[in-house]
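S.K.: Show me the folded form of this:
(2 chains)
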Amino acid sequence: MILHTVNKSPFEKNTLTSCLKHMKSGSSLLLIEDGIFGALDNTNFTAQISEAMKDVNVYVLEPDLNARGVQDSLLDGIKKVDYAGFVDLTTEHDTVDAWL
Amino acid sequence: MYEEDEHEGTVKKFMYVNRKAPYGTIYALESLEVVLIGAAFDQDISMVFMDDGVYQLKKGQDTKATEIKNFSPTYRALEMYDVEKLYVSKDSMTERGLSEEDLIVPVEQLSAAEMSELMDEQDVVLSF
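M.R.: Now for the predicted structure:
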């Protein structure tokens, strides 16, 4: 299975949308850097990520979430990981696809 | 030789348009630097935050684990440099589920039409 990482804000680039469209059921997505804005509740992208979460695992890099002050808006069901958790996800998956 | 009225030149209306989230790119921090330079020259400054730029003003930024400097307290210091005209796009706030209570400084929320009027009044518009 692939671990996909997205580091762009969904409000600015279509990276998240495109990534979700190409993810296989059971694969994983880790949102990092400005990509974390795709992990929030009550935004224009909440419905899209909620829908995707029925089929794929979604993680968010906690340091990047906290840096941007949106830690209280994280959508339920998205799992927070720290840098060590990022490494673990990398080793647990066969491949990492870092979307730019 | 410096002229006596060196500091009494024309005051222009400068608008800084901030459209990027902080930390992911350097734009937000660079904009702040340039705004403070403009303020040192006693110009008439407006700051606009739209699209992901509204996230620059989000309360509760904690950059400790990333080892990046948290520059959000600087927005609260702008007042001391007579930078008091801060505007946010109402639409951008709504799209992100944000309200004024989520922001670290008092702002005026503008519709797109109001924003374009304000832009039209400026001598200089700088986009970040």
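
S.K.: Mind listing residues that contact the helix or strand hosting A:Asp97?
M.R.: Secondary structure from DSSP states H and E places A:Asp97 in strand A:95-99. Residues from elsewhere that reach strand A:95-99 (C-beta atoms under 8 Å, 6 or more residues apart in numbering or on different chains): A:2-8, A:15, A:18-19, A:90. Yep, even glycine has a C-beta here, placed from its N, CA and C like the rest.

S.K.: got the CA coordinates for stretch B:108-126 in CSV?
M.R.: The C-alpha atoms that make up stretch B:108-126 are tabulated as CSV, following Å, rounded to 0.1, in the frame of the first residue of the first chain:
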residue,chain,number,x,y,z
GLU,B,108,-12.6,45.0,9.6
GLN,B,109,-14.3,42.4,7.5
LEU,B,110,-15.0,43.4,3.9
SER,B,111,-17.1,42.0,1.1
ALA,B,112,-15.4,41.6,-2.3
ALA,B,113,-17.1,44.7,-3.6
GLU,B,114,-15.9,46.8,-0.6
MET,B,115,-12.4,45.3,-1.0
SER,B,116,-12.2,46.4,-4.7
GLU,B,117,-13.3,49.9,-3.7
LEU,B,118,-10.5,50.0,-1.2
MET,B,119,-7.9,48.7,-3.7
ASP,B,120,-9.0,51.4,-6.2
GLU,B,121,-8.2,54.2,-3.7
GLN,B,122,-4.5,53.1,-3.3
ASP,B,123,-1.4,54.6,-4.8
VAL,B,124,0.6,51.4,-4.5
VAL,B,125,-0.7,47.7,-4.1
LEU,B,126,1.9,45.1,-3.2
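
S.K.: Buried residues in stretch A:72-81, which are they?
M.R.: By 16 or more other C-beta atoms under 10 Å in any protein chain shown, the buried positions in stretch A:72-81 come out as A:73-75, A:78, A:81.

S.K.: before we move on, back to that, possible to save the contacts of strand A:95-99 as JSON lines with neighbour count, distance to chain B and secondary structure?
M.R.: JSON lines is the format used below for those (neighbours: other C-beta atoms under 10 Å in any protein chain shown; distance: C-beta to the nearest C-beta, whole Å; DSSP: H, G, I helix; E, B strand; the rest coil):
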{"residue": "A:Ile2", "neighbour count": "15", "distance to chain B": "23", "secondary structure": "strand"}
{"residue": "A:Leu3", "neighbour count": "21", "distance to chain B": "20", "secondary structure": "strand"}
{"residue": "A:His4", "neighbour count": "24", "distance to chain B": "18", "secondary structure": "strand"}
{"residue": "A:Thr5", "neighbour count": "22", "distance to chain B": "13", "secondary structure": "strand"}
{"residue": "A:Val6", "neighbour count": "27", "distance to chain B": "12", "secondary structure": "strand"}
{"residue": "A:Asn7", "neighbour count": "20", "distance to chain B": "7", "secondary structure": "coil"}
{"residue": "A:Lys8", "neighbour count": "22", "distance to chain B": "8", "secondary structure": "coil"}
{"residue": "A:Thr15", "neighbour count": "19", "distance to chain B": "12", "secondary structure": "helix"}
{"residue": "A:Ser18", "neighbour count": "11", "distance to chain B": "18", "secondary structure": "helix"}
{"residue": "A:Cys19", "neighbour count": "22", "distance to chain B": "16", "secondary structure": "helix"}
{"residue": "A:Thr90", "neighbour count": "13", "distance to chain B": "18", "secondary structure": "helix"}
